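**Q** Structure, please.
(2 chains)
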Amino acid sequence: GAVVSQHPSRVICKSGTSVKIECRSLDFQATTMFWYRQFPKQSLMLMATSNEGSKATYEQGVEKDKFLINHASLTLSTLTVTSAHPEDSSFYICSARDLDRVGEKLFFGSGTQLSVL
Amino acid sequence: QQQVKQSPQSLIVQKGGIPIINCAYENTAFDYFPWYQQFPGKGPALLIAIRPDVSEKKEGRFTISFNKSAKQFSLHIMDSQPGDSATYFCAASNLGGTSYGKLTFGQGTILTVHP
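**A** Residues are numbered from 1 along each chain as shown, chains lettered A, B, ... in the order given. The predicted model follows:
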């Protein structure tokens, strides 16, 4: 079946540094990927829609200069948390869609736990 | 109007019981209603999904009931097992065009199944 790989699974960084999270579709081309954020014991909140070859679309209240999204190829989207601060500590999850697939068309990565010290 | 409201927040049942989780939505443009299971530190995994043209869908031990007029849907887990202990999320989306895959999630239900 389709697999979406997310890396790293866990990252700890110092305040003020930038962290890059990768989301890869392993056996299909994903023109669109989605990035979610989840705080402990809370729901997943959509941050942005990542479109291959064009600018990401950010949800209301999400700082695009803070959360840089790059979707440079049909199999890779990256989320960079710039100048991270402790309040950015969260679980970040990506998903990718495969509209050509019969049956289920949306697949989630395994998530990245970001801890900012 | 984009919200999906989920209840209860937590649920405890005995093995073999039938936990029921409920969700309600407002946006009538939603036409895809999936349920996800999430274990700690993992991404959500699709359990079952329904479109509004049917009122019920079963897959294994999981059943979705859908009430279009009430804008409500629910998940039933038959013969629940301790391994079903996880957080469950309902979600909703509009499958049309570029919106496919853009999910609005409910608040989540923490299910505990005691042996």
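**Q** Look at the most far-flung residue of chain A relative to its centre and report its pLDDT.
**A** For chain A, the largest distance from the centre (C-alpha atoms, centre = their mean) belongs to A:V102, which lies 24.3 Å off. Per-residue pLDDT puts A:V102 at 75.
**Q** part of a helix, is it?
**A** No - using DSSP: H, G, I helix; E, B strand; the rest coil, the assignment for A:V102 is coil, not a helix.
**Q** number of nearby residues for the residue lying closest to A:S43 once chain neighbours are set aside?
**A** Leaving aside its chain neighbours, A:S43 sits nearest to B:F105 (4.6 Å; criterion: C-beta to C-beta, 6 or more residues apart in numbering or on different chains). C-betas here are computed from N, CA, C, even on glycine. Applying other C-beta atoms under 10 Å in any protein chain shown, we find 24 residues neighbouring B:F105.
**Q** Just the pLDDT for B:F105.
**A** Value listed for B:F105 in the pLDDT field: 96.
**Q** Report the contact partners of it.
**A** Counting by C-beta atoms under 8 Å, 6 or more residues apart in numbering or on different chains, B:F105 touches A:43-45, B:4, B:36, B:89-91.
**Q** List just the nearest of these to B:S69.
**A** Using C-beta to C-beta, B:V4 comes nearest to B:S69 of the contacts of B:F105, at 17.1 Å.
**Q** pLDDT score for the closest one?
**A** According to the model, B:V4 scores 96 on pLDDT.
**Q** swap in B:S99?
**A** pLDDT at B:S99 comes out at 70.
**Q** shouldn't B:V4 be in contact with B:T104?
**A** Yes - between B:V4 and B:T104 there is a contact under C-beta atoms under 8 Å: 5.2 Å.
**Q** Looking at the two, which one has more neighbours?
**A** B:V4 (24 against 19).
**Q** How about the more buried one: what's its closest non-neighbour residue?
**A** B:G106 (4.5 Å).
**Q** How about A:M45?
**A** A:R37 is the one closest to A:M45 (C-beta to C-beta, 6+ apart), at 5.3 Å.
**Q** and for B:V4 and B:T104, which residues touch both?
**A** B:25, B:91-92.
**Q** Format those as CSV; extra columns: pLDDT, secondary structure and distance to chain A.
**A** Output for those, formatted as CSV (pLDDT from 0 to 100; DSSP: H, G, I helix; E, B strand; the rest coil; distance: C-beta to the nearest C-beta, whole Å):
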residue, pLDDT, secondary structure, distance to chain A
B:Y25, 97, strand, 14
B:A91, 96, strand, 8
B:A92, 94, strand, 12
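**Q** Which among those count as buried?
**A** Neighbour counting with 16 or more other C-beta atoms under 10 Å in any protein chain shown marks B:25, B:91-92 as buried within these.
**Q** Flag the shaky bits of chain B, pLDDT-wise.
**A** Low-confidence segments of chain B (pLDDT under 70): B:1-2, B:97-98.
**Q** what about the strands in it?
**A** B:4-7, B:10-14, B:20-25, B:33-38, B:45-50, B:56-59, B:62-67, B:72-77, B:86-92, B:104-105, B:109-114 (DSSP state E).
**Q** so which of the ones you listed comes closest to A:N51?
**A** Going by C-beta to C-beta, the one of those nearest A:N51 is strand B:104-105, 19.2 Å.
**Q** what pairs with that closest one, and is each one parallel or antiparallel?
**A** Here strand B:104-105 is paired, per DSSP bridges, with strand B:86-92 (antiparallel).
**Q** List of residues touching the strand it pairs with?
**A** So strand B:86-92 is in contact with A:43-44, B:4, B:6, B:21, B:23, B:25, B:27, B:30, B:32-39, B:44, B:47, B:73, B:75, B:103-106, B:108-111, going by C-beta under 8 Å, 6+ apart.
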